[in-house]
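1. sequence and predicted structure below; questions after.
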Amino acid sequence: MKQEKYITSDHVVDALANLPQLVFEVTDACNLHCKYCAYGEFYEDYDCRENQMLSTEDAIRLIDYLAVFWNSNLSKSSRKNITISFYGGEPLLNFSFIETIVHHIINEIDCPHLRFSYSMTTNAILLYKYMDFLVQHRFQLLISLDGNEENTSYRVDHYGVNAYDRIVTNVDKLKTAYPDYFRDYVNFNAVLHNRNSVGNIYCFFKERYDKIPRIGELNGTGIRYDKQEEFWQMYRNTQESLHQAEHYEEIERDMFLNTPSYKSLILFLHRYSGFVYQDYTDLLFDKQSLKYIPTGTCLPFTKKMYVTVNGKILPCERIGHQFALGRITDTGIDLDPESIASRYNDYYAKMESQCVHCKNRQACIQCIFNLEGIDDKPVCHGYMNESDFKHYVNQQMRFLEQHPEVYQEIMEKVLTL
């Protein structure tokens, strides 16, 4: 039986030419030993962590490979920005890699129609050593911190000592030395668990740094069987935690995009209002006649490319390493658009029978790679029948009735989902 073609190799090539973000896992080493780390004791869907450093030669080989696509006539924007991001482990443990890649981009990559910017996720333990370089090159910094000292007590070093004092000392130094940079380029990421709450995380960052943090739940996929009970004891739901906070409506309104209710409403309005267009060509199409690809999985490399310390190439950092789409080799880049498209089409075909009957398929956010049994008989737990969908719509309309002022803000300011 001939395989259904939801996407083709041309879609993959086009995405490479218009890649918005390239993320390097600079190292799998870390100077902390956080209890809930995505590469820690709870999980089993990642490669073995062996304190490796990503080779600068491999990374440069990939950048030079991608630059050919970026300079092709498939690149659609006259002044497109590409973000080069550094991830870990703790990326500052391999600072020489970061420095070399930035200098290579600046001095060796000739893409006159592109702009390059830089970002990094860091635990800030080594921030004091390298802040001058980061400020000089205007890195967007996302600093991992879970709130006050008790809130942060799962962020420990390899001796079990809470890292809170070291983190805030370095963050305070950065704020004092470069206040304008701190205001414009520094943000925080907090993990929600059983030793903090949305309310006290919000209050800590608002009062100490005048910042609205991103708050993430623990990742519920890829958990080891023998760690399930311990994981769920630590897990907390963002929405439930928010609604337990005093003055939660004020907090929710201030956090806006960082809360589940607003995210849900934004997605609903963008997909169902009929008044949102991505560009001018969008006006020419009858959206009712467009074929929807099963699930809400991002098409490969349309949002980012993630490179592991082992040279595996993935569509993002949130999925298991077993789903690599290619790799960097000693002789070049092993990345075949035809086989990538075929692999996605195979996954899509497995979900078609569920997705075609789902009433919310137009606003689906389910990633294929986070479904259990994707290589056999996957089941989507986000499936909505008629009753489920009516309940979902009623929730959005009720929230909009309670907060009518946000409609205009969402429609005018929120450009991407």
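-> That came through, no problem. Numbering: from 1, shown residues only.
2. show me the shaky parts of the stretch 1-150 of the chain.
-> Low-confidence regions of the stretch 1-150 of the chain, defined here as pLDDT under 70, cover residues 1-4, 77-79.
3. 50 - rerun?
-> For the stretch 1-150 of the chain, residues meeting the criterion pLDDT under 50 lie at 1.
4. and the pLDDT at the closest residue to Arg214 other than its chain neighbours?
-> In this structure, Arg214 finds its nearest non-sequential neighbour in Asn189, 4.8 Å apart by CB to CB, 6 or more residues apart in numbering. Just so you know, the C-beta spots here come from the backbone N, C-alpha and C atoms, and that holds for glycine as well. In the prediction, the pLDDT value recorded for Asn189 is 96.
5. please name every helix or strand in contact with the strand or helix carrying Asn189.
-> In the assignment (DSSP states H and E), Asn189 maps to strand 186-191. Judged by 3 or more CB pairs under 8 Å, 6 or more residues apart in numbering; DSSP states H and E, strand 186-191 is in contact with strand 140-144, helix 164-177, helix 198-209, strand 214-216.
6. how about JSON lines for these, with distance to Ser353 added?
-> What follows is those, written out as JSON lines (distance: least, CB to CB, whole Å):
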{"stretch": "strand 140-144", "distance to Ser353": "39"}
{"stretch": "helix 164-177", "distance to Ser353": "48"}
{"stretch": "helix 198-209", "distance to Ser353": "38"}
{"stretch": "strand 214-216", "distance to Ser353": "32"}
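7. in space, what's closest to Phe133 - neighbours in sequence excluded?
-> Taking CB to CB, 6+ apart, and ignoring the residues beside it in sequence, Phe133 has Glu99 as its nearest neighbour in space, at 6.7 Å.
8. what's the answer for Thr308, then?
-> The shortest distance from Thr308 to any residue that is not its chain neighbour, by CB to CB, 6+ apart, is 4.8 Å, and that residue is Glu25.
9. Glu249: which of the helices and strands packed on strand 186-191 is closest?
-> When the helices and strands packed on strand 186-191 are compared for distance to Glu249 using CB to CB, the nearest one is helix 198-209, at 11.9 Å.
10. just the strands in the protein please.
-> Taking DSSP state E as the test, the strands found in the chain are 21-25, 80-87, 114-122, 140-144, 186-191, 214-216, 305-307, 312-314, 326-328, 333-334.
11. most tightly surrounded among those strands?
-> Sort these by mean neighbour count, taking mean count of other CB atoms under 10 Å, and strand 305-307 sits at the top with a mean of 24.
12. strand partners of that strand, parallel vs antiparallel please.
-> Applying DSSP bridges, strand 305-307 is found paired with strand 21-25 (parallel), strand 312-314 (antiparallel).
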